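1. Sequence below, structure please.
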Amino acid sequence: MAKAAKSTLLLHPRTSRLVDLYISNPSQPLLITGPPGAGKGSLGRTISALVLDIPTDKLDGYPSFSLEQLPESQAEISIDAIRQIRRSLSLKSPTLAPRRVVMVDGAHQMSHEAQNALLKILEEPPAGAHFVLTATSASDLLPTVTSRAQELPVYPVSKPLATRHYSPPYDVSDVERAWNLSAGSAGLLSAILAGDQTHPLKLAVEEAKQFLTSNTYERLLMADELAGNKERFALFLDALSRTLRYLSENAVREKSKRLPLLLKSRKLVKRLSQQLAHRTNARLLGLELALKLRA
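-> Down below sits the predicted model:
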């Protein structure tokens with residue numbers, strides 16, 4: 001079953017080997033790390049299903065599986081959500097399997113209070129309880145939390161590997177275009193090929209394309225709206241960086257005169273992303289982006 005479940009996912013060989021090692025002995029909390037669009041959520045669900053020995057499509061509603069993620073109306077995963085996890089784990093029911101899995105998708109979005117509350121559970125987990133966390137980076141979590149977990153990085157996949165995995169049913173040229181835009185991030189690559197308009201990073205890529213074709217006034221309005229939500233703005237900057245990278249590579253092949261502007265824009269977006277990560281005012285960064293981006 002493990003081999004069949006994994007075969008549906010596009011994984012870098014190193015990531016695949018780490019999955020096998022964890023499944024053979026899931027004794028520690030697991031921390032899946034990777035950039036937006038890497039496919040951390042899909043991998044986390046697959047691993048959760050493997051630990052519980054059920055098909056992945058049976059996870060939702062399965063009594064021994066619980067999923068916690070950032071609610072749309074909130075800025076962070078609260079301590080109350082983690083307290084609810086503790087309460088649910090304390091319940092004993094004859095319908096529960098010997099193993100239970102708690103998945104926190106986007107663990108880096110937990111408040112510090114929530115992370116400390118989770119730490120207490122990780123230090124003394126109930127019998128049979130397994131934890132699967134996903135985060136953009138281990139450094140985005142408290143060291144006390146990451147020290148309790150086994151990290152599993154989701155590495156970007158190569159273009160040949162993606163082509164072998166997806167063609168057929170997709171044309172090789174479509175897979176290559178999707179790979180170029182995703183830079184090997186399997187989750188985004190899959191969303192692009194499937195035309196999944198609900199994938200957050202896929203939506204952000206569409207916003208990035210719109211931003212690049214807008215005039216300065218339209219960019220100012222758009223940047224101000226995006227910067228009102230830090231997580232959304234960070235995702236947008238990531239998508240903008242990917243889009244500019246894709247355009248730069250095309251410019252190199254076509255020997256386009258746009259290349260210097262594209263490279264300069266990539267440096268601008270990279271700097272703004274770094275500043276946003278260090279909690280610089282998002283609206284000020286949005287203003288600078290709208291006024292200085294020349295691509």
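2. In this structure, which helix is the longest?
-> In the chain, assigned by DSSP state H, the helix with the most residues is helix 230-254.
3. Please work out the average pLDDT along that one.
-> Averaged over helix 230-254, pLDDT sits at 91.
4. Give me the residues contacting stretch 208-217.
-> For stretch 208-217, the surrounding residues in contact (C-beta atoms under 8 Å, 6 or more residues apart in numbering) are 219, 222-223, 236, 239-240, 242-243, 290-291, 293, 295. Where you see a C-beta, it was placed from the backbone N, CA and C, and this is true even at glycine.
5. So for it, first residue to last residue, what's the gap.
-> 15 Å (C-alpha to C-alpha, to the nearest Å).
6. Where does residue 104 sit: helix, strand or coil?
-> strand (DSSP: H, G, I helix; E, B strand; the rest coil).
7. about what we covered before: which two among the contacts of stretch 208-217 are spaced furthest apart?
-> Pairwise distances across the contacts of stretch 208-217 peak at 21.9 Å for 242 and 291 (criterion: C-beta to C-beta).
8. neighbour-wise, which of those two wins?
-> residue 242 (24 against 12; other C-beta atoms under 10 Å).
9. can you list the domains in this structure?
-> Taking automatic domain parsing as the reference, the chain has its domains at 2-153, 197-292.
10. Endpoint to endpoint, the shortest one covers what distance?
-> Read that as domain 197-292. Using C-alpha to C-alpha, first and last residues of domain 197-292 are 29 Å apart.
11. mind checking how far that domain is from the chain centre?
-> In this view, domain 197-292 has its centroid 18 Å away from the chain centroid, taken as C-alpha atoms, centre = their mean, to the nearest Å.
12. Could you do the longest one as well?
-> Taking C-alpha atoms, centre = their mean, the mean C-alpha location of domain 2-153 is offset from the chain mean by 13 Å.
13. and it, what's its mean pLDDT?
-> On average, domain 2-153 scores 89.
14. which one among the contacts of stretch 208-217 gets closest to residue 182?
-> Scanning these for proximity to residue 182, where the rule is C-beta to C-beta, the winner is residue 242, at 7.0 Å.
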